[in-house]
Every structure is written in C-alpha cells, then in structure tokens.
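1. Got a sequence here, can you model it:
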Amino acid sequence: MKAKGTYSVKKWEEDAGEKTASEQKITKASVEYAISGEINGKAIVEYLMYYKYFDPNDQHKSSATYIGLMGFTGSILGKEGSLVIEDHGTFENGSAKSTLQIITGSGTEELKGMEGTGYYSADQNGFQIELDYIL
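-> This is a model prediction of the structure:
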C-alpha cells in the first residue's frame, strides 16, 4: 500500500558542529515534523549531518549528507500507532531528499508488523512524504 502526506518543520535545533576543514563540519540536529494527509501525526528525528560545504551566510547554498532515526506517532491511512524509520538523505541546492526504511518490528498498536520503504523531499515546491508498505 502507499500513503502520502505533507509536512512542516515545527522545531530544528542543530549544534554548531565540529569543523573537519575550513568549510566542512559534522553536526547533530534534533527535529520535529508535523505531518498531515494520509500520513498524519508527528515525527521526532535525531540527525547526524556531514556538511561537504557550509555557507554560514546562506545555508541554502550548503551541501550535506545526513542519517537519522525518526520516531513517528499518529496514523497511516487511518490506522493508529507508532513506528521508527531510518532516514538517509542529502541536501543540495536548497533541496533535501531522503530515502526511508521502516525498522522491522518497531510498529505498535494498529501499525504493528508494518514494513516498507519511502521517501521525503523538501524544496521550493513544498514538503512531501510517501511510504510504500505492507501491514
């Protein structure tokens, strides 16, 4: 099955990071997303990010690779529960793109047993998320 939604950033707290070179750094960010649509709820994510290039004057010009663990609580196509998702992505030219993997065995309540993959993207056209799963 497929479920889609849109999301918005409710909180983004990123540490200053550790520089690995003059324009490179590694940071950690705690993020909260509000998701609506067929996927409805909230996601709390802890990211580790490597900036290949960081522009302190315009962060949208930065280039990064990141990994994260996302804890989702809410509903997917009307089924309530929570689950954990692995998030692997890149940020280039002001656009974020991630591939998602639902962690097997992490689902609770009506989402128990859910497995699957997905993606999300964020750019000038908006913030989209989609999961392709079995339950």
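
2. Now do the same for the residue most central in space within the chain: helix, strand or coil?
-> Computing the C-alpha centroid of the chain and ranking residues by C-alpha atoms, centre = their mean puts residue 87 first, at 5.6 Å. Following DSSP: H, G, I helix; E, B strand; the rest coil, residue 87 is assigned to strand.

3. And the pLDDT for it?
-> Here the pLDDT value assigned to residue 87 is 98.

4. give me the beta-bridge partners of it?
-> Counting by DSSP bridges, residue 87 is bridged to residue 68, residue 100.

5. cool, and residue 119?
-> Taking DSSP bridges as the rule, residue 119 bridges to residue 99, residue 130.

6. can I assume it is in contact with residue 129?
-> Yes: using C-beta atoms under 8 Å, residue 119 is in contact with residue 129, at 7.5 Å. C-beta: built from backbone N, CA, C; applies to glycine.

7. Quick check: neighbours shared by those two?
-> By C-beta atoms under 8 Å, 6 or more residues apart in numbering, residue 119 and residue 129 have these common neighbours: residue 100.

8. List the buried residues of stretch 45-65.
-> The neighbour-count check on stretch 45-65 (16 or more other C-beta atoms under 10 Å) flags 45, 47, 49, 51, 52, 54, 62, 63, 64 as buried.

9. May I have it exported as PDB, CA atoms only?
-> Taking Å, rounded to 0.1, in the frame of the first residue of the first chain, the C-alpha atoms of stretch 45-65 are listed here in PDB:
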ATOM      1  CA  VAL A  45      14.100  12.900  14.400                       C
ATOM      2  CA  GLU A  46      17.700  12.800  15.500                       C
ATOM      3  CA  TYR A  47      20.100  13.600  12.600                       C
ATOM      4  CA  LEU A  48      23.900  13.300  12.200                       C
ATOM      5  CA  MET A  49      24.900  15.500   9.300                       C
ATOM      6  CA  TYR A  50      28.100  16.000   7.400                       C
ATOM      7  CA  TYR A  51      28.400  19.300   5.500                       C
ATOM      8  CA  LYS A  52      30.700  18.900   2.500                       C
ATOM      9  CA  TYR A  53      30.300  22.600   2.100                       C
ATOM     10  CA  PHE A  54      28.800  25.000   4.600                       C
ATOM     11  CA  ASP A  55      27.900  28.600   3.800                       C
ATOM     12  CA  PRO A  56      27.200  30.500   7.100                       C
ATOM     13  CA  ASN A  57      25.800  33.500   5.200                       C
ATOM     14  CA  ASP A  58      23.200  31.400   3.200                       C
ATOM     15  CA  GLN A  59      22.600  27.900   4.500                       C
ATOM     16  CA  HIS A  60      20.600  27.000   1.400                       C
ATOM     17  CA  LYS A  61      23.800  27.100  -0.600                       C
ATOM     18  CA  SER A  62      25.200  24.400   1.700                       C
ATOM     19  CA  SER A  63      25.700  20.700   0.700                       C
ATOM     20  CA  ALA A  64      25.200  17.900   3.200                       C
ATOM     21  CA  THR A  65      24.700  14.200   3.700                       C
END
